[in-house]
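S.K.: got a sequence here, can you build the structure:
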Amino acid sequence: MVTDEAATAPIRFVQLLADEQRWRLLQELARSDRKVSELTELVGKPQNLVSYHLASLRNAGVVSARRSSADRRDTYYRMDKRRCADLLCGVGPALQPGLRIDVVDPRTLDAHERRRRPSVLFLCTGNSSRSQMAEALLEHHSRGTIRAHSAGSHPKPLHPNAVRVMAERGIDISTRRSKHLDRFRQTRFDRVITLCDKVREICPQFPGATTVAAHWSMPDPAAEGETDETSYAAFSRTAEELESRIPFLIGELTLHTERRNVR
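M.R.: Numbers count the residues shown, from 1 in each chain. As a prediction, this is how the structure comes out:
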């Protein structure tokens, strides 16, 4: 539950961001989900200070935490970009009504606004649910202007609930096949995103100076449900989380491509 005043008071949110250490932590979490040990190294501050600031960010509802599925002793921290965007958009009007920020949804941009198609590879263990869903959602919401691929370290057949949940969103993935990540080892991507904590530990290096690796710590929906109903609910939550992350990925890749085209 959000308990910090930043949840409702724009001035509290501005004060939250004004701290240099919290700002740096959010910058790192905007790039990738991270463990405390990684954040400590990245910002060059002791763990107790990092944990203190993470608690403030969590109380404000802009950062959440999730236990690692690779090592339950570890916790991954994630930035809620949608909530950050909403809070930032509320700061201007609170100061003066005319200072409203209109956020352009990158999914609405026309194809001609991107002269080069960026490419993304999503990785998980089985390539049977999370990565397949992410691949399909990215293709769908970018309207084909971003090339998306997926693979796994131990491929297994596509999960029927992944097919069902995506069909309800108007996307047919029933004919897709699982692939091993070795298939893409020599392929250049703009982003390689691991969705499974276990795969992150063994993710190979991919060629190309432009390749950026990021991690989205997401539980395996196939391991959550004991009945078909609870399994379906887990897959729905996975789709919802992916849909909350993907618009920001599209925006990031669009901006990156536009800057490169200008050079």
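S.K.: what segments of this protein are strands?
M.R.: 34-35, 63-67, 75-79, 119-124, 147-152, 191-194, 212-215 (DSSP state E).
S.K.: could those go into CSV alongside mean pLDDT and distance to residue 178?
M.R.: In this view, the C-beta of every residue, glycine as well, is placed from N, C-alpha and C. Listed next are the strands of the chain as CSV, based on pLDDT from 0 to 100; distance: least, C-beta to C-beta, whole Å:
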stretch, mean pLDDT, distance to residue 178
strand 34-35, 96, 28
strand 63-67, 95, 25
strand 75-79, 97, 25
strand 119-124, 96, 10
strand 147-152, 96, 6
strand 191-194, 96, 16
strand 212-215, 92, 21
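S.K.: would you format those strands as JSON lines with mean neighbour count and distance to residue 232 included?
M.R.: Below are these laid out as JSON lines (neighbours: other C-beta atoms under 10 Å; distance: least, C-beta to C-beta, whole Å):
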{"stretch": "strand 34-35", "mean neighbour count": "20", "distance to residue 232": "30"}
{"stretch": "strand 63-67", "mean neighbour count": "16", "distance to residue 232": "21"}
{"stretch": "strand 75-79", "mean neighbour count": "21", "distance to residue 232": "24"}
{"stretch": "strand 119-124", "mean neighbour count": "26", "distance to residue 232": "19"}
{"stretch": "strand 147-152", "mean neighbour count": "22", "distance to residue 232": "21"}
{"stretch": "strand 191-194", "mean neighbour count": "24", "distance to residue 232": "24"}
{"stretch": "strand 212-215", "mean neighbour count": "19", "distance to residue 232": "26"}
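S.K.: can you redo those as JSON lines with distance to residue 201?
M.R.: Shown next, in JSON lines, are these (distance: least, C-beta to C-beta, whole Å):
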{"stretch": "strand 34-35", "distance to residue 201": "11"}
{"stretch": "strand 63-67", "distance to residue 201": "15"}
{"stretch": "strand 75-79", "distance to residue 201": "12"}
{"stretch": "strand 119-124", "distance to residue 201": "11"}
{"stretch": "strand 147-152", "distance to residue 201": "14"}
{"stretch": "strand 191-194", "distance to residue 201": "9"}
{"stretch": "strand 212-215", "distance to residue 201": "10"}
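S.K.: where does pLDDT dip in the stretch 1-150 of the chain?
M.R.: Where the stretch 1-150 of the chain drops to pLDDT under 70, the residues are 1-8, 100-116.
S.K.: and the helices in it?
M.R.: Shown for the stretch 1-150 of the chain, the helices assigned by DSSP state H, counting those that start in this stretch span residues 10-18, 20-31, 36-43, 47-59, 81-95, 130-141.
S.K.: need those helices in CSV with distance to residue 252 and mean neighbour count, can you?
M.R.: Below are the helices of the stretch 1-150 of the chain laid out as CSV (distance: least, C-beta to C-beta, whole Å; neighbours: other C-beta atoms under 10 Å):
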stretch, distance to residue 252, mean neighbour count
helix 10-18, 19, 16
helix 20-31, 9, 16
helix 36-43, 19, 16
helix 47-59, 20, 16
helix 81-95, 10, 16
helix 130-141, 12, 25
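S.K.: tell me the bridge partners for the closest residue to residue 26 other than its chain neighbours.
M.R.: Counting by C-beta to C-beta, 6 or more residues apart in numbering, residue 79 is the residue found nearest to residue 26 once chain neighbours are left out, at 6.0 Å. Beta-bridge partners recorded for residue 79 (DSSP bridges): residue 63.
S.K.: related to what we said a few turns ago, closest to residue 238 out of the strands of the chain?
M.R.: Closest to residue 238 of the strands of the chain, according to C-beta to C-beta: strand 119-124, at 10.5 Å.
S.K.: what angle sits between the helix ranked longest in the chain and helix 81-95?
M.R.: Secondary structure assigned by DSSP state H gives helix 228-262 as the longest helix of the chain. Interaxial angle, helix 228-262 versus helix 81-95 (axes from the mean of the first three to the mean of the last three C-alpha atoms, to 10 degrees): 70 degrees.
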